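Student: here is my input, please return the structure:
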Amino acid sequence: RIELTAQVLIVLLQGSALSDQSLLPDNILRGALLFLCENRDRFRVWWSTQATVRVLEVLLAARERLHLDQPSLAPARVLLNGQELPARDLGPADRQGILTAAIPVSALKDGSNALEMEFPGAGGALVQWTADYFVPWTQEELDRRTVSNEDLTFAVRYEPTRLRLGESVRCRVRIGRSERSWGMLIAEIGLPPGAEVDRASLDAQKAVYRYEVAPDRVTAYVWPLAGEYGFEFTFRPRYPEQAVAPASRLFDYYNPEASLNLAPVAFQVE
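Tutor: Modelled structure (predicted):
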């Protein structure tokens, strides 16, 4: 939706410049730009490289059309449930206008909390809130090795999880998708600390379009058709340890919020 909206805006902006500005009235353009800006991810870009490039092209073209100027970074008041946060809890805005507010847990109440910003002077401002929080895994989630929704299925199995130093672990990944789902999928498979991945076992998986190995995970880029799909690889722990591999995750390249998550898995290496 983001990429297509940006592409349509580019065409309409070009048409308006060449012929009739009524092809894209200013109020429609502003509403579309607001839609794009509201759908940034937590890193203030648009999920994929291609979508980000398309949106930036639109913003540059619209800046000339709407005569948008860089707003001044005037200090703002931040209110939580109607009470202004002390200035000591607010960090200074950086060159990108990013303002950090440290909100103590004691200031929050059960249920909904209202967070507001007030800007002095005339004009408008675009604000994006980003919050970090953690929810503990339930025992049912820790025991579950297969998760699914209406479009995707994801399963990761490690064999074995109790082993001796020098032995290898076989990791089997299963992915299922419905006929409604399409596009590239990204699978992040958690690894215990110090795991040495057998890259040859990954190279042998012809259906894996591309992969990356990091210290704590293997990231596989796959493009499966409808139905069941699978791949596997092996790795070997380097140290005796009792450790936990990070959670595994499957998500759509163009829609990362539509994801499936599997709980961390404990390993014991003697």
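Student: which residues does the closest residue to Leu142 other than its chain neighbours contact?
Tutor: Excluding the flanking residues, the one nearest Leu142 by CB to CB, 6 or more residues apart in numbering is Ala263, at 4.7 Å. Using the backbone N, CA and C atoms, a C-beta is placed for each residue, glycine as well. Ala263 makes contact with 137, 141-142, 144, 247, according to CB atoms under 8 Å, 6 or more residues apart in numbering.
Student: now, the most widely separated pair of these?
Tutor: The largest separation in the contacts of Ala263, counting by CB to CB, is between Arg144 and Ala247 at 11.7 Å.
Student: need the residues touching each of the two.
Tutor: 262-263.
Student: neighbour count for the two, which is higher?
Tutor: A direct count of neighbours by other CB atoms under 10 Å for Arg144 and Ala247 places Ala247 higher, at 17 against 13.
Student: which stretches of the stretch 101-250 of the chain have low pLDDT?
Tutor: Scanning the stretch 101-250 of the chain for pLDDT under 70 picks out 121-126, 181, 226.
Student: need the contacts of Ala263 in a markdown table with distance to Arg30 and secondary structure, can you?
Tutor: Listed next are the contacts of Ala263 as a markdown table, based on distance: CB to CB, whole Å; DSSP: H, G, I helix; E, B strand; the rest coil:
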| residue | distance to Arg30 | secondary structure |
| --- | --- | --- |
| Trp137 | 43 | coil |
| Glu141 | 43 | helix |
| Leu142 | 48 | helix |
| Arg144 | 46 | coil |
| Ala247 | 40 | coil |
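Student: and which of those is nearest Gln14?
Tutor: Ala247 (44.7 Å).
Student: distance of the closest one relative to Tyr239?
Tutor: 21 Å (CB to CB, to the nearest Å).
Student: next: Ala195.
Tutor: 10 Å.
Student: what are the ranges of the helices in this protein?
Tutor: 2-18, 26-38, 49-66, 139-143, 199-203 (DSSP state H).
Student: run the angle between the third one and helix 2-18 for me.
Tutor: Our comparison of helix 49-66 with helix 2-18, counting by axes from the mean of the first three to the mean of the last three CA atoms, to 10 degrees, yields an angle of 30 degrees.
Student: quick check: mean pLDDT across helix 49-66?
Tutor: Summarised as a single mean, pLDDT over helix 49-66 is 88.
Student: in it, which residues are buried?
Tutor: By neighbour count with 16 or more other CB atoms under 10 Å, helix 49-66 contains the buried residues 51-52, 54-55, 58, 61-62.
Student: tell me the one among those nearest to Phe43.
Tutor: For those, the nearest to Phe43 is Thr52 (9.8 Å; CB to CB).
Student: ok, that closest one - contacts?
Tutor: Thr52 neighbours (CB under 8 Å, 6+ apart): 45-46.
Student: if you set the cut-off to 10 Å instead, what comes out?
Tutor: 2-3, 6, 40-41, 43-46 (CB atoms under 10 Å, 6 or more residues apart in numbering).
Student: could you dump those residues into TSV and include distance to Leu225 and neighbour count?
Tutor: Formatted as TSV, the contacts of Thr52 follow (distance: CB to CB, whole Å; neighbours: other CB atoms under 10 Å):
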residue	distance to Leu225	neighbour count
Ile2	25	20
Glu3	22	18
Ala6	28	23
Arg40	31	17
Asp41	28	15
Phe43	31	9
Arg44	34	13
Val45	29	14
Trp46	27	21
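Student: go through these and say which is closest to Phe154.
Tutor: Distances from Phe154 to the contacts of Thr52, taken by CB to CB, are shortest for Asp41, at 21.1 Å.
Student: much appreciated, bye for now.
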